[in-house]
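Asks: Okay, sequence plus prediction incoming.
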Amino acid sequence: MELSPGLYSSLVSTRLKSLLNQLDCTQEVSMLDKAEAPSFLSAKLEGLLKKAFEIVGENYGTEKQINLYNHIINEIQKLDPEFPDETIPDLEPKILDAILRTGETKKPECPSTSIVFSSLFTGSRGSPQLARELLMEMQSADKVDILVSFIKNSGYRTLLEGFNNLRDREIPVRIITTTYIGATDPECIEALSKFPNIKIKVSYDTKHTRLHAKAYCFYRNSGFSTAYVGSSNMSDPAMSAGLEWNIKVTNQDLPHIIKTFSAEFEGYWNSPFFIDYQQGIDKEKLTFALRNANSNSKVIIQNSLVDVSPYPFQMRILENLEAERENRGFFKNLVIAATGTGKTIITAIDYRNQVAKHKGIRPKMLFLAHRDEIVSQSLGTFRTVLKDNNFGNQIGG
């Protein structure tokens, strides 16, 4: 083994220490952190054990492999009597494939890829098709979370069999999506919302919520949860024919990734920026927002159906403005914020708050910008925030 200069994060074993002693160069080492020790040691041991089992199996057969496995478990139990008895009782080891639910006569269909080991999908010829894998995952999931930028009718139709299976088994499904670039087909959102087991949340903020994540998580009470994270939105080309890259993560292989997925999804689900979609009520609102997001014209598009709420950092600015007026009597205030942080939204909401404070009487306001396009866009923002498509006059030229 030859050591090259560069970054490492290797456990210094006796063999590695011997190699390092032969080098005539500066080396940086640090102590193994107590919290990181389980991960480092188990990762190192995993490779060594795999090699050891291969050697034993090649030279002595399966019986010796089982004896080695049981010997290791017995040694651990000597250190901790409470450690569960994981020894293999038979010389011909068996794998538990499924425990059938009430009414089932055979195990659900399984994905072609493992629910133990993680894998990569590239969409190349000969590799598993993502759409089929997702359908198979749906057959055995106990809970499903889906996070995608957009949902197309083609994707809905492709996964419809799986959604029907989840509905028939009364499995809870949560879907988060957006109106970003106007790509979502509103009729498939409406169709999904009719499923009694499916809840949907939508971000209507096309300017600031640029959610590019594409992820599908299938939780199993057995502990064999799986997740797909990558580049495939819910559309048939992305899931069936496109050269999309997605990684399948398993809870057995990378449990911290599943844990992170769950925590992040929960954060999005409880965020005020993702709004519950109500079947039969919000279709017009969604359609309008998608049309707005997809418009490339300079026409001002108003949306009196959308409630605009400030982000937490915008709320702090609004609170500071109000404090300057009420507590210090300062009515000439300057707000400085980076591009894209929503200064126009802040201004419009602040004006809306002043209207409410004056019981509906609208104070006079002058809004200046150096380009007509900015004035036009800002006027649309004010009309959306105030839910008044007739608000304001534009002076151009």
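Replies: Structure received.
Asks: On the three-state scheme, the nearest residue to E137 once chain neighbours are set aside is what?
Replies: Leaving aside its sequence neighbours, E137 sits nearest to F218 (CB to CB, 6 or more residues apart in numbering; 4.4 Å). (Each C-beta comes from the backbone N, C-alpha and C, glycine too.) Secondary structure for F218, judged by DSSP: H, G, I helix; E, B strand; the rest coil, is strand.
Asks: How many residues are close by F218?
Replies: 26 (other CB atoms under 10 Å).
Asks: right, and it touches S225 too?
Replies: Yes: in this structure, F218 is within contact of S225 by CB atoms under 8 Å, at 6.3 Å.
Asks: Not counting its neighbours along the chain, what's nearest P237?
Replies: Here the residue nearest P237, using CB to CB, 6+ apart, is S154, at 7.0 Å.
Asks: number of nearby residues for the one you found?
Replies: S154: 17 neighbours (other CB under 10 Å).
Asks: Spit out the contact partners of it.
Replies: S235, D236, P237 (CB atoms under 8 Å, 6 or more residues apart in numbering).
Asks: Identify the bridge partners of the residue nearest to E137.
Replies: Beta bridges link F218 to V144, T226, judged by DSSP bridges.
Asks: quick one: contacts for it?
Replies: Per CB under 8 Å, 6+ apart, neighbours of F218: E137, M138, S140, A141, K143, V144, S225, T226, A227.
Asks: where's the second one, which helix or strand?
Replies: Using DSSP states H and E, M138 falls within helix 130-140.
Asks: tell me what that helix is packed against?
Replies: helix 153-168, strand 215-219, strand 226-230 (3 or more CB pairs under 8 Å, 6 or more residues apart in numbering; DSSP states H and E).
Asks: Could you figure out how far that helix is turned away from strand 226-230?
Replies: Using axes from the mean of the first three to the mean of the last three CA atoms, to 10 degrees, one finds that helix 130-140 and strand 226-230 are set 150 degrees apart in direction.
Asks: Now helix 130-140: buried residues?
Replies: L130, A131, E133, L134, L135, M136, E137, M138, Q139, S140 (16 or more other CB atoms under 10 Å).
Asks: hang on, the earlier thing: the contacts of S154 into TSV, with extra columns for neighbour count?
Replies: Converted to TSV, those look like this (neighbours: other CB atoms under 10 Å):
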residue	neighbour count
S235	23
D236	17
P237	15
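Asks: quick one: which of the residues you listed sit in helices?
Replies: D236 (DSSP state H).
Asks: for the contacts of S154, which one is nearest E266?
Replies: The closest of the contacts of S154 to E266 turns out to be S235 (CB to CB; 25.7 Å).
Asks: what sits against the closest one?
Replies: Per CB under 8 Å, 6+ apart, neighbours of S235: F150, I151, K152, S154, G155.
Asks: my guess is the first one meets A183, correct?
Replies: Yes: the pair F150 and A183 passes the contact test of CB under 8 Å, sitting 3.8 Å apart.
Asks: Now the phi/psi pair for T14, please.
Replies: When quoted as degrees, to the nearest 10, the phi and psi of T14 stand at phi -60, psi -40.
Asks: Provide the secondary structure category for K201.
Replies: K201 - assigned by three-state DSSP - is strand.
Asks: Do you know the pLDDT at it?
Replies: Turning to K201, the model gives it a pLDDT of 95.
Asks: Kindly reformat the helices and strands packed on helix 130-140 as CSV containing distance to K199 and mean pLDDT.
Replies: Below are the helices and strands packed on helix 130-140 laid out as CSV (distance: least, CB to CB, whole Å; pLDDT from 0 to 100):
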stretch, distance to K199, mean pLDDT
helix 153-168, 12, 96
strand 215-219, 15, 97
strand 226-230, 19, 96
